[in-house]
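Enquirer: Show me how the following folds:
(chains A and B)
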2 protein chains.
Amino acid sequence: MSSEFEVIERYFTRCGAQRTDVPLGVGDDAALLHCLAGKQLVAAIDTLVAGRHFLPTTPARSLGHRALAVNLSDLAAMGATPAWCLLALTLPRVDEIWLQDFASGLHDLAQQHELALVGGDTTAGSLCITVQILGHVEPGRGLRRQGASPGDVVYVSGTCGDAAAGLKLERGELLPSQAMDRQFLLQRFHFPTPRVALGQRLQSFASACIDVSDGLLGDAAKLAAASGCGVRLDFAAIPISEQLENVLGTDAARQLALVGGDDYELCFTVPASKVAAFERELPADRWQYQRIGELLATPGAAVHRAGTVMPIATGGYDHFSNA
Amino acid sequence: MSSEFEVIERYFTRCGAQRTDVPLGVGDDAALLHCLAGKQLVAAIDTLVAGRHFLPTTPARSLGHRALAVNLSDLAAMGATPAWCLLALTLPRVDEIWLQDFASGLHDLAQQHELALVGGDTTAGSLCITVQILGHVEPGRGLRRQGASPGDVVYVSGTCGDAAAGLKLERGELLPSQAMDRQFLLQRFHFPTPRVALGQRLQSFASACIDVSDGLLGDAAKLAAASGCGVRLDFAAIPISEQLENVLGTDAARQLALVGGDDYELCFTVPASKVAAFERELPADRWQYQRIGELLATPGAAVHRAGTVMPIATGGYDHFSNA
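Expert: Take a look at the predicted model:
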């Protein structure tokens, strides 16, 4: 009928997995979905804004991937199983190649997680991408930021700081000597891996969980505060990639890992009584996580290095103050 | 911890109704929700963009109301009962008075519909407001755009064109002689009334339904096309308010009612066999609807006036072409 509606029809009607629990998907006023009996629904929403969360040079395929990945990461942090998503896409113009790349980035990641795109809204304006995601969890089994206690061991998945370095590379603020390192760090920024399977397995062990989107130290501090605790992180234990270490050196790499944003790893706590079972059933070398510290009874967040407390400049990425 | 998080906490933690089916609301990585056993979930998402769906002069209270109303209207068109919503708010700056007014517009309408705000994301950028809404419907009872047949009677709720006139007034493109008329039309633009109760009652009678957001004629044509039909609307039957008639005259008022956007009324069809029961059980004077035409076996949309087909310039509001 008009370009707006055609855009939606063409690129998003068959985007993501085709699921049998979607009686009515994209194309009507709303979607109809079959809730799983006896499960709780898990719902999150996240926005990527041009010039804030990505640059004009960021490939559209990455944006489709990332807009979904940041939401999948929220579900991962709850231990949930993804099911459906909706897309609100604000575009300055209808660019078919951009749309095709964007849709394909979204589609591929959605397929991997058996997630269906069931609805959306396309509007004209400054580029802004909001994805809303829905999933399921057994009642009472959803992980939260609260629930941990002093003495619980703090872990983080994967490596941190890579995406922040990828952003610096894209901005031209960092120049790696090795093309391979550059490639890896850009990939980590453009195509983050939400830890959905790990989140689901953590249900049996973790006392609390948060996804690392605003910087490891700040997000660990948020988990601790929600649980009424403080947190001590061990600088030497902060996991960094070989590539980040190559580019920045060990010290600066760990500093960036503590405060850089966009990691989409999971930071979680395991009570001391469950640590042995956890590390046995989910071996660290296969599930890629690292012990990084401990929750404390006294509030606050601190990073320890060789027995002393390190001064850390910032405790989290703030979209309003870091313009 | 930082202004972004404080913004969310302060204005949106207790926004909307407090529901017992929300084990975990705003403040974690995702919300946890209890689905009603035996119901289908209904999900919609809609965005309002500054300069496109509203003007810099539009009051923040209206934006809070409208961002939710356009989504409630989508649920109304499905015959659904609203339950929860999530808010993705992109703001150029943190303006406490704006936020307070916005949150209060959202809160008041959410309260009226027993809807809880369960999650959100606040980001910095050009003003852009996305609400995602969730509700319930009995399986198989959700209304769709498809399902109607030739011969079904076409109805619309309320009056059309008021909001489009309200927008023209706000833009200074229209000057009413009566302050009362101006007041009414601006109110209709700023605070649309989603027809949620009507949508629910229509489940027993309507063969198809759509919410009128892009212009009555275009949306009726979409319903007809989804049902594999054409549609004939009767110009003399198009419902217009006394105030719109005062400002534009009868003819121009009906023209605007056909093509103006942002009405958020329901356009629906009732099979001829159910018309008598429908009009008896839901009296038109109480439920405020009007017969406006009929579905046809031949495709296309036409407006008839005194036995002749009227030429109509546009068949729907397009956010990309109507800049």
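
Enquirer: Please work out how many residues are found near residue A:52.
Expert: 17 (other C-beta atoms under 10 Å in any protein chain shown). (Glycine included, C-beta is placed from N, CA and C.)

Enquirer: in what helix or strand does it lie?
Expert: For residue A:52, there is no enclosing helix or strand under DSSP states H and E.

Enquirer: ok, it touching residue B:124?
Expert: Yes. Contact criterion C-beta atoms under 8 Å: residue A:52 and residue B:124 qualify, at 5.6 Å.

Enquirer: Secondary structure class of residue A:193, three-state.
Expert: coil (DSSP: H, G, I helix; E, B strand; the rest coil).

Enquirer: repeat for residue A:155
Expert: strand.

Enquirer: Is any residue of the strand or helix carrying residue A:120 near chain B?
Expert: Using DSSP H and E, residue A:120 sits within strand A:116-124. Yes. Contact of strand A:116-124 with chain B (C-beta under 8 Å from any C-beta of the partner chain) involves A:118, A:119, A:120, A:121, A:122, A:123, A:124.

Enquirer: Any idea what the fourth one is bridged to?
Expert: Translated: residue A:121. Taking DSSP bridges as the rule, residue A:121 bridges to residue A:88.

Enquirer: Mind exporting the C-alpha coordinates of stretch A:243-252 to CSV?
Expert: Output of stretch A:243-252 as CSV, limited to C-alpha atoms (Å, rounded to 0.1, in the frame of the first residue of the first chain):
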residue,chain,number,x,y,z
GLN,A,243,44.4,-10.1,21.3
LEU,A,244,43.5,-7.3,23.7
GLU,A,245,46.7,-8.0,25.6
ASN,A,246,48.7,-7.8,22.4
VAL,A,247,47.2,-4.4,21.6
LEU,A,248,47.1,-2.7,25.0
GLY,A,249,49.6,-4.6,27.2
THR,A,250,48.4,-6.6,30.2
ASP,A,251,47.7,-3.8,32.6
ALA,A,252,45.8,-1.5,30.3
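
Enquirer: So what's the gap between it and the chain middle?
Expert: 22 Å (C-alpha atoms, centre = their mean, to the nearest Å).

Enquirer: in that stretch, what's buried?
Expert: Residues A:243, A:244, A:245, A:246, A:247, A:248 are the ones in stretch A:243-252 that count as buried (16 or more other C-beta atoms under 10 Å in any protein chain shown).

Enquirer: hang on, the earlier thing: output the residues of strand A:116-124 next to chain B as CSV; include the columns pLDDT and neighbour count.
Expert: As requested, those are exported to CSV (pLDDT from 0 to 100; neighbours: other C-beta atoms under 10 Å in any protein chain shown):
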residue, pLDDT, neighbour count
A:118, 94, 30
A:119, 92, 31
A:120, 90, 27
A:121, 91, 24
A:122, 89, 22
A:123, 89, 20
A:124, 89, 21
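
Enquirer: Quick check: residues of the stretch 151-300 of chain A near chain B?
Expert: Counting by C-beta under 8 Å from any C-beta, the stretch 151-300 of chain A sits next to chain B at A:209, A:210, A:211, A:218, A:221, A:222, A:225, A:226.

Enquirer: List the residues that contact the last one.
Expert: Taking C-beta atoms under 8 Å, 6 or more residues apart in numbering or on different chains as the definition of contact, the neighbours of residue A:226 are A:144, A:145, A:146, A:208, B:27, B:28.

Enquirer: do that again at 6 Å, thanks
Expert: Counting by C-beta atoms under 6 Å, 6 or more residues apart in numbering or on different chains, residue A:226 touches A:145, A:146.

Enquirer: quick check: angle from the longest helix anywhere in chain A to strand B:116-124?
Expert: Of all segments of type helix in chain A, defined using DSSP state H, the longest is helix A:60-78. For helix A:60-78 against strand B:116-124, the angle by axes from the mean of the first three to the mean of the last three C-alpha atoms, to 10 degrees is 140 degrees.

Enquirer: is chain B contacted by helix A:60-78?
Expert: Yes. For helix A:60-78, a contact with chain B is found by C-beta under 6 Å from any C-beta of the partner chain, at A:74, A:77, A:78.

Enquirer: Neighbour count added to those residues, as a markdown table?
Expert: As requested, the residues of helix A:60-78 next to chain B are exported to a markdown table (neighbours: other C-beta atoms under 10 Å in any protein chain shown):
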| residue | neighbour count |
| --- | --- |
| A:74 | 31 |
| A:77 | 36 |
| A:78 | 31 |
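
Enquirer: can I get these in CSV with pLDDT?
Expert: Below are those laid out as CSV (pLDDT from 0 to 100):
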residue, pLDDT
A:74, 96
A:77, 97
A:78, 96
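
Enquirer: Out of these, the closest to residue A:295 would be?
Expert: Checking those against residue A:295 with C-beta to C-beta, the nearest one is residue A:77 at 16.8 Å.

Enquirer: my read: the closest one touches residue A:208, true?
Expert: No. Residue A:77 is beyond contact range of residue A:208, at 9.6 Å (criterion: C-beta atoms under 6 Å).

Enquirer: Which of the helices or strands spans residue A:136?
Expert: strand A:128-137.

Enquirer: Only the C-alpha atoms, please, for that strand, written as PDB.
Expert: Output in PDB follows, covering the C-alpha atoms of strand A:128-137 (Å, rounded to 0.1, in the frame of the first residue of the first chain):
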ATOM      1  CA  CYS A 128      17.200   4.000  16.500                       C
ATOM      2  CA  ILE A 129      16.700   0.300  17.000                       C
ATOM      3  CA  THR A 130      14.600  -1.200  19.800                       C
ATOM      4  CA  VAL A 131      14.200  -4.900  20.300                       C
ATOM      5  CA  GLN A 132      11.800  -6.400  22.800                       C
ATOM      6  CA  ILE A 133      12.400 -10.000  23.700                       C
ATOM      7  CA  LEU A 134      10.200 -12.700  25.400                       C
ATOM      8  CA  GLY A 135      11.300 -16.000  26.800                       C
ATOM      9  CA  HIS A 136      10.400 -18.600  29.400                       C
ATOM     10  CA  VAL A 137      11.800 -19.800  32.700                       C
END
